[in-house]
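Participant: can you look at this prediction? I've put the sequence above it.
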Amino acid sequence: MKSSRTCRVGVIGYGAIGVPVVAEIAAGRVPGAALEGIISRSPLSGAPAKRMDLTEALERCDLLVECAGQEALVEYGEAILLAGVDLLVTSIGALADGEFSKQLAAAGPGRLFLTAGAVGGLDLLSSGARVEGYDRVTITTTKLPESLIQPWMNEALIEEIHSARGPLDIYEGPAAEAAQLFPKSMNAGAAVAIAVNDWDVVTVRVRADPAAKLTSHVIEASGTLGEYRFEIRNKPSEDNPRTSGVVPFAVLRSLESVIGAQGGLI
(Lines give C-alpha, C1' and ligand atoms only; values in the text may rest on other atoms or scores of the structure.)
Protein backbone atom coordinates (compact mmCIF):
# COMPACT_ATOMS: atom_id res chain seq x y z
CA MET A 1 0.00 0.00 0.00
CA LYS A 2 1.32 3.43 -0.88
CA SER A 3 1.82 6.01 1.81
CA SER A 4 -0.47 9.03 1.71
CA ARG A 5 2.44 11.23 2.83
CA THR A 6 4.06 13.36 0.14
CA CYS A 7 7.54 12.18 -0.79
CA ARG A 8 10.03 15.05 -0.98
CA VAL A 9 12.21 14.38 -4.02
CA GLY A 10 15.53 15.81 -5.16
CA VAL A 11 17.19 15.13 -8.50
CA ILE A 12 20.93 14.72 -8.99
CA GLY A 13 21.92 15.98 -12.43
CA TYR A 14 20.21 18.33 -14.87
CA GLY A 15 21.07 17.00 -18.30
CA ALA A 16 19.36 14.85 -20.93
CA ILE A 17 17.77 12.63 -18.27
CA GLY A 18 17.46 15.04 -15.37
CA VAL A 19 15.71 17.88 -17.24
CA PRO A 20 12.56 15.93 -18.24
CA VAL A 21 12.48 14.12 -14.89
CA VAL A 22 12.54 17.45 -13.06
CA ALA A 23 9.93 18.95 -15.38
CA GLU A 24 7.46 16.08 -14.86
CA ILE A 25 7.81 16.11 -11.08
CA ALA A 26 7.52 19.90 -10.96
CA ALA A 27 4.36 19.76 -13.08
CA GLY A 28 2.73 17.39 -10.59
CA ARG A 29 2.69 14.43 -12.95
CA VAL A 30 4.25 12.01 -10.44
CA PRO A 31 1.57 11.25 -7.85
CA GLY A 32 2.80 11.62 -4.30
CA ALA A 33 6.04 13.40 -5.22
CA ALA A 34 7.03 17.00 -4.44
CA LEU A 35 10.17 18.46 -6.01
CA GLU A 36 12.55 19.98 -3.46
CA GLY A 37 15.52 20.87 -5.65
CA ILE A 38 18.35 19.84 -7.96
CA ILE A 39 21.95 18.87 -7.22
CA SER A 40 24.03 20.15 -10.13
CA ARG A 41 27.68 21.05 -10.58
CA SER A 42 26.67 23.72 -13.12
CA PRO A 43 24.47 26.77 -12.55
CA LEU A 44 20.81 26.21 -13.42
CA SER A 45 19.07 28.34 -16.00
CA GLY A 46 15.29 28.38 -16.14
CA ALA A 47 14.93 25.31 -13.90
CA PRO A 48 11.63 24.91 -12.02
CA ALA A 49 13.45 24.24 -8.75
CA LYS A 50 16.40 25.64 -6.86
CA ARG A 51 19.95 24.32 -6.88
CA MET A 52 21.00 22.46 -3.72
CA ASP A 53 24.22 20.94 -2.44
CA LEU A 54 24.25 17.45 -0.95
CA THR A 55 24.07 18.67 2.64
CA GLU A 56 20.87 20.62 2.01
CA ALA A 57 19.40 17.79 -0.05
CA LEU A 58 19.91 15.31 2.78
CA GLU A 59 18.11 17.65 5.15
CA ARG A 60 15.17 18.38 2.86
CA CYS A 61 14.57 15.20 0.84
CA ASP A 62 13.08 11.78 1.50
CA LEU A 63 14.39 10.42 -1.79
CA LEU A 64 17.04 11.41 -4.34
CA VAL A 65 16.96 10.41 -8.00
CA GLU A 66 20.40 9.99 -9.58
CA CYS A 67 20.45 11.17 -13.20
CA ALA A 68 24.06 12.33 -13.40
CA GLY A 69 26.25 9.34 -14.29
CA GLN A 70 28.45 6.78 -12.58
CA GLU A 71 30.87 9.30 -11.07
CA ALA A 72 28.08 11.10 -9.25
CA LEU A 73 26.69 7.84 -7.92
CA VAL A 74 30.10 6.80 -6.61
CA GLU A 75 30.58 10.23 -5.03
CA TYR A 76 27.18 10.57 -3.37
CA GLY A 77 25.57 7.14 -3.13
CA GLU A 78 26.82 5.79 0.18
CA ALA A 79 26.43 9.12 1.99
CA ILE A 80 22.82 9.40 0.84
CA LEU A 81 21.87 5.96 2.13
CA LEU A 82 23.75 6.39 5.40
CA ALA A 83 21.78 9.61 5.99
CA GLY A 84 18.54 7.63 5.81
CA VAL A 85 17.49 9.07 2.44
CA ASP A 86 16.22 6.68 -0.25
CA LEU A 87 18.08 6.59 -3.57
CA LEU A 88 16.80 5.75 -7.05
CA VAL A 89 19.74 4.91 -9.32
CA THR A 90 19.86 5.43 -13.08
CA SER A 91 23.59 4.77 -13.63
CA ILE A 92 23.45 1.13 -12.58
CA GLY A 93 26.63 0.34 -14.55
CA ALA A 94 28.55 1.63 -11.52
CA LEU A 95 27.44 -1.52 -9.69
CA ALA A 96 29.80 -3.52 -11.91
CA ASP A 97 32.42 -2.58 -9.32
CA GLY A 98 31.86 -5.36 -6.80
CA GLU A 99 33.31 -3.49 -3.84
CA PHE A 100 31.22 -0.40 -4.52
CA SER A 101 28.11 -2.53 -4.97
CA LYS A 102 28.74 -4.14 -1.58
CA GLN A 103 29.19 -0.70 0.01
CA LEU A 104 25.82 0.47 -1.25
CA ALA A 105 24.12 -2.79 -0.27
CA ALA A 106 25.47 -2.46 3.28
CA ALA A 107 24.62 1.23 3.64
CA GLY A 108 21.40 2.35 5.25
CA PRO A 109 18.88 3.04 6.65
CA GLY A 110 18.10 4.65 3.28
CA ARG A 111 16.74 2.22 0.68
CA LEU A 112 18.40 1.58 -2.69
CA PHE A 113 16.26 1.32 -5.83
CA LEU A 114 17.38 0.63 -9.40
CA THR A 115 15.67 1.54 -12.65
CA ALA A 116 16.00 -0.66 -15.72
CA GLY A 117 16.07 2.35 -18.05
CA ALA A 118 15.93 1.56 -21.75
CA VAL A 119 15.48 -2.23 -21.66
CA GLY A 120 12.54 -4.56 -21.02
CA GLY A 121 11.92 -8.26 -20.48
CA LEU A 122 13.91 -8.23 -17.24
CA ASP A 123 11.04 -9.55 -15.13
CA LEU A 124 11.04 -12.81 -17.13
CA LEU A 125 14.83 -13.08 -17.08
CA SER A 126 14.83 -12.56 -13.33
CA SER A 127 12.15 -15.22 -12.88
CA GLY A 128 14.14 -17.76 -14.90
CA ALA A 129 17.26 -17.07 -12.87
CA ARG A 130 15.58 -18.31 -9.69
CA VAL A 131 15.98 -21.96 -10.72
CA GLU A 132 19.54 -22.74 -11.82
CA GLY A 133 20.45 -19.56 -13.65
CA TYR A 134 21.43 -19.41 -17.31
CA ASP A 135 23.96 -21.21 -19.49
CA ARG A 136 24.27 -18.20 -21.79
CA VAL A 137 23.10 -14.60 -21.78
CA THR A 138 24.12 -12.07 -24.42
CA ILE A 139 23.09 -8.51 -25.13
CA THR A 140 24.04 -6.89 -28.41
CA THR A 141 23.77 -3.11 -28.32
CA THR A 142 23.87 -1.15 -31.56
CA LYS A 143 24.32 2.62 -31.60
CA LEU A 144 25.55 5.41 -33.84
CA PRO A 145 29.36 5.34 -34.04
CA GLU A 146 29.89 8.85 -32.61
CA SER A 147 28.06 7.93 -29.41
CA LEU A 148 30.46 5.06 -28.68
CA ILE A 149 33.80 6.88 -28.82
CA GLN A 150 35.62 6.56 -25.47
CA PRO A 151 38.71 8.26 -23.97
CA TRP A 152 40.57 4.93 -23.64
CA MET A 153 40.37 4.17 -27.39
CA ASN A 154 43.50 4.53 -29.52
CA GLU A 155 43.54 6.60 -32.70
CA ALA A 156 43.38 3.56 -34.97
CA LEU A 157 40.15 2.28 -33.36
CA ILE A 158 38.58 5.74 -33.34
CA GLU A 159 39.36 6.13 -37.04
CA GLU A 160 37.93 2.67 -37.76
CA ILE A 161 34.71 3.59 -35.96
CA HIS A 162 34.42 6.97 -37.72
CA SER A 163 35.03 5.43 -41.15
CA ALA A 164 32.67 2.46 -40.74
CA ARG A 165 30.36 2.02 -43.72
CA GLY A 166 28.25 -0.66 -42.07
CA PRO A 167 27.82 -2.46 -38.72
CA LEU A 168 31.12 -2.79 -36.86
CA ASP A 169 31.58 -4.79 -33.65
CA ILE A 170 33.94 -2.77 -31.48
CA TYR A 171 33.71 -4.73 -28.24
CA GLU A 172 32.68 -8.13 -26.92
CA GLY A 173 33.23 -9.16 -23.33
CA PRO A 174 31.85 -9.44 -19.79
CA ALA A 175 29.03 -7.16 -18.68
CA ALA A 176 31.05 -5.73 -15.79
CA GLU A 177 33.93 -4.72 -18.06
CA ALA A 178 31.54 -3.26 -20.64
CA ALA A 179 29.86 -1.09 -17.98
CA GLN A 180 33.24 0.29 -16.97
CA LEU A 181 34.58 0.82 -20.51
CA PHE A 182 31.37 2.47 -21.75
CA PRO A 183 30.10 4.21 -18.58
CA LYS A 184 27.57 6.43 -20.36
CA SER A 185 26.36 3.87 -22.89
CA MET A 186 26.08 0.39 -21.34
CA ASN A 187 23.60 0.56 -18.48
CA ALA A 188 21.50 -1.91 -20.50
CA GLY A 189 24.08 -4.66 -20.05
CA ALA A 190 24.26 -3.90 -16.35
CA ALA A 191 20.48 -4.14 -16.07
CA VAL A 192 20.53 -7.60 -17.64
CA ALA A 193 23.35 -8.77 -15.34
CA ILE A 194 21.48 -7.54 -12.27
CA ALA A 195 18.24 -9.15 -13.47
CA VAL A 196 19.85 -12.59 -13.85
CA ASN A 197 21.91 -12.03 -10.67
CA ASP A 198 25.13 -13.03 -12.43
CA TRP A 199 27.62 -10.55 -13.88
CA ASP A 200 29.86 -13.34 -15.14
CA VAL A 201 27.34 -15.14 -17.35
CA VAL A 202 26.38 -12.03 -19.36
CA THR A 203 28.32 -11.20 -22.51
CA VAL A 204 27.96 -7.72 -24.00
CA ARG A 205 28.55 -7.01 -27.66
CA VAL A 206 28.85 -3.36 -28.67
CA ARG A 207 28.15 -2.58 -32.31
CA ALA A 208 28.61 0.73 -34.12
CA ASP A 209 26.36 1.28 -37.13
CA PRO A 210 26.26 4.56 -39.09
CA ALA A 211 22.76 3.63 -40.30
CA ALA A 212 21.39 3.04 -36.79
CA LYS A 213 18.55 5.55 -36.60
CA LEU A 214 17.35 3.65 -33.52
CA THR A 215 19.40 2.30 -30.63
CA SER A 216 18.82 -1.44 -30.41
CA HIS A 217 19.36 -3.96 -27.63
CA VAL A 218 19.01 -7.64 -28.54
CA ILE A 219 18.92 -9.83 -25.43
CA GLU A 220 19.26 -13.61 -25.76
CA ALA A 221 19.27 -16.09 -22.90
CA SER A 222 19.31 -19.87 -22.58
CA GLY A 223 18.61 -21.67 -19.32
CA THR A 224 16.86 -24.48 -17.49
CA LEU A 225 13.36 -23.13 -18.04
CA GLY A 226 13.68 -22.08 -21.67
CA GLU A 227 15.21 -19.82 -24.26
CA TYR A 228 14.39 -16.13 -24.54
CA ARG A 229 15.02 -13.40 -27.07
CA PHE A 230 13.99 -9.77 -26.74
CA GLU A 231 14.71 -6.86 -29.06
CA ILE A 232 14.28 -3.27 -27.97
CA ARG A 233 14.68 -0.43 -30.45
CA ASN A 234 14.66 3.07 -28.96
CA LYS A 235 15.05 6.51 -30.43
CA PRO A 236 18.23 8.17 -29.12
CA SER A 237 17.82 11.24 -26.95
CA GLU A 238 17.91 14.43 -29.01
CA ASP A 239 20.05 16.04 -26.31
CA ASN A 240 22.45 13.13 -25.78
CA PRO A 241 22.68 10.27 -28.33
CA ARG A 242 24.53 8.14 -25.76
CA THR A 243 21.22 7.51 -24.02
CA SER A 244 17.74 6.60 -25.25
CA GLY A 245 14.92 9.11 -25.24
CA VAL A 246 12.71 6.76 -23.21
CA VAL A 247 15.10 6.67 -20.21
CA PRO A 248 13.72 9.74 -18.35
CA PHE A 249 10.23 8.28 -18.58
CA ALA A 250 11.45 4.90 -17.36
CA VAL A 251 12.94 6.77 -14.40
CA LEU A 252 9.61 8.47 -13.74
CA ARG A 253 7.77 5.16 -13.88
CA SER A 254 10.26 3.72 -11.42
CA LEU A 255 9.84 6.76 -9.17
CA GLU A 256 6.08 6.19 -9.08
CA SER A 257 6.71 2.59 -8.05
CA VAL A 258 9.34 3.54 -5.46
CA ILE A 259 6.95 5.70 -3.49
CA GLY A 260 5.68 3.10 -1.05
CA ALA A 261 7.64 0.19 -2.60
CA GLN A 262 10.04 -2.23 -0.95
CA GLY A 263 13.14 -2.05 -3.17
CA GLY A 264 14.76 -3.91 -6.06
CA LEU A 265 15.02 -3.52 -9.84
CA ILE A 266 11.84 -1.82 -11.10
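Facilitator: Sure, I can see it. Computed from a predicted structure; not experimentally measured.
Participant: can you tell me the distance between the two ends of stretch 122-141?
Facilitator: 16 Å (Cα to Cα, to the nearest Å).
Participant: quick one: it to chain centroid distance?
Facilitator: Computed by Cα atoms, centre = their mean, to the nearest Å, the separation of stretch 122-141 from the middle of its chain amounts to 18 Å.
Participant: what comes up buried for that stretch?
Facilitator: By 16 or more other Cβ atoms under 10 Å, the buried positions in stretch 122-141 come out as Leu122, Leu125, Ser126, Gly128, Ala129, Tyr134, Val137, Thr138, Ile139, Thr140, Thr141. (C-beta placed from N, C-alpha, C; glycine too.)
Participant: tell me which entries of those residues lie within helices.
Facilitator: Taking DSSP state H as the definition of helices, those contribute Leu122, Leu125, Ser126, Gly128.
Participant: roughly how far apart are Thr150 and Leu64?
Facilitator: You called it Thr, but residue 150 is Gln. 28 Å (Cβ to Cβ, to the nearest Å).
Participant: more neighbours: these two, which one.
Facilitator: The neighbour count for Gln150 versus Leu64, taken as other Cβ atoms under 10 Å, is higher for Leu64 (28 against 16).
Participant: what helix or strand does the more buried one sit in?
Facilitator: strand 63-66 (DSSP states H and E).
Participant: re the thing from before, of the ones in helices among the buried residues of stretch 122-141, closest to Ile80?
Facilitator: Leu122 (24.2 Å; Cβ to Cβ).
Participant: quick check: that closest one touching Ala190?
Facilitator: No: applying Cβ atoms under 8 Å as the test, Leu122 and Ala190 come out as separate, 11.1 Å apart.
Participant: which residues does the closest residue in space to Ala179 that isn't next to it in sequence contact?
Facilitator: Nearest non-adjacent residue to Ala179, counting by Cβ to Cβ, 6 or more residues apart in numbering: Gly93, 3.4 Å away. Counting by Cβ atoms under 8 Å, 6 or more residues apart in numbering, Gly93 makes contact with Gln70, Ala179, Gln180, Phe182, Pro183, Met186, Asn187, Gly189, Ala190.
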